[in-house]
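Asker: Build me a model:
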Amino acid sequence: MSLDSEFVIEVKDATIFQDNETVLDHVNFSIKKGEFVYLVGQTGSGKSSLLKTLYADLPLKMGHVNVVDYNIPNIKEDEIPFLRRKIGIIFQDFELFYDRSVAENLEFVMRSTGWRDQSKIKIRLAEVLMRVGLGGANNKMPHQLSGGEQQRIVIARALINEPKILIADEPTGNLDPAVSEDIFKLFLDINKYGTAVLMATHNHYFIEKYPARILKCEGHKLLDSEKEKFNLSRGY
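Answerer: Okay, here's the model as predicted:
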């Protein structure tokens, strides 16, 4: 994939493994810059394994995967942090440091990804907190925030390095419905300004109310709504 490619992710004939077991075979799909894509499938169907392969947390043994100009099969260990600076990864579990303030949580990530100038750190920290609607939360501890607010901090953390794509694995899974929709709308807003989003979800409501392209893991295959019709009612 060249630097001027229209794609942030390209996958060709990939086999996705988890613990040496094949979970997805002959996987082929691409995601364009600025695209919003759902990833669905039953628990154990391979969604999380696919996402982990994309951000080089699981090895790719067969096939071709290119993510934001990184060739995943040939990526070196010392290149992985640079890959992850160009993507934002968001989990269902917040994975915050609960003994540190919001600002300290974000500063930790910034310094570990190469930020050194304290004045620039302060400016960028304020920008991403404003972006997620928590401009006054710098000095709060995570336990002082609601679940929805904690997930907003996680999204702010993912936005720090202006990623080309957000990869989100069930980001609303631990939130109640009203809060979930607020968080989902934040993803839509981020996407509107040009960041691609690949979101794994079990939330049927989002897919019906906010239709977009769907990738479905089923029977060791990845189905693509752009290429074929498939049934969404069979549990995902």
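Asker: Mind checking what secondary structure the closest residue to residue 134 other than its chain neighbours has?
Answerer: Distances taken as C-beta to C-beta, 6 or more residues apart in numbering put residue 152 closest to residue 134, at 5.4 Å, once the chain neighbours are dropped. Heads up, the C-betas are built off the backbone N, CA and C, glycines and all. Using DSSP: H, G, I helix; E, B strand; the rest coil, the structure places residue 152 in helix.
Asker: residues touching residue 152, list them.
Answerer: By C-beta atoms under 8 Å, 6 or more residues apart in numbering, the residues touching residue 152 are 132, 133, 134, 183, 186.
Asker: Return the helix or strand in the protein with minimum mean pLDDT.
Answerer: Sorted by mean pLDDT, DSSP states H and E, the helices and strands of the chain end with helix 80-85, the least confident at a mean of 90.
Asker: How far off centre is that one?
Answerer: Chain-centre distance of helix 80-85: 13 Å, with C-alpha atoms, centre = their mean, to the nearest Å.
Asker: in that helix, what counts as buried?
Answerer: By neighbour count, and taking 16 or more other C-beta atoms under 10 Å as the criterion, the buried residues in helix 80-85 are 83, 84, 85.
Asker: Identify the residues contacting the spatially closest residue to the second one that is not a sequence neighbour.
Answerer: Spelled out, that is residue 84. Residue nearest to residue 84 in three dimensions, not counting chain neighbours: residue 55, with 6.1 Å by C-beta to C-beta, 6+ apart. Applying C-beta under 8 Å, 6+ apart, one finds that residue 55 lies in contact with 67, 83, 84, 87, 89, 167.
Asker: Dump those residues to JSON lines, plus distance to residue 125.
Answerer: As requested, the contacts of residue 55 are exported to JSON lines (distance: C-beta to C-beta, whole Å):
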{"residue": "67", "distance to residue 125": "26"}
{"residue": "83", "distance to residue 125": "23"}
{"residue": "84", "distance to residue 125": "19"}
{"residue": "87", "distance to residue 125": "20"}
{"residue": "89", "distance to residue 125": "19"}
{"residue": "167", "distance to residue 125": "22"}
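Asker: ok, of these, which one's closest to residue 100?
Answerer: For residue 100, the nearest member of those is residue 89. The distance, counting by C-beta to C-beta, is 19.2 Å.
Asker: So what touches stretch 71-89?
Answerer: 53-56, 60, 63-70, 112-114, 155, 157-159, 161, 163-169, 195.
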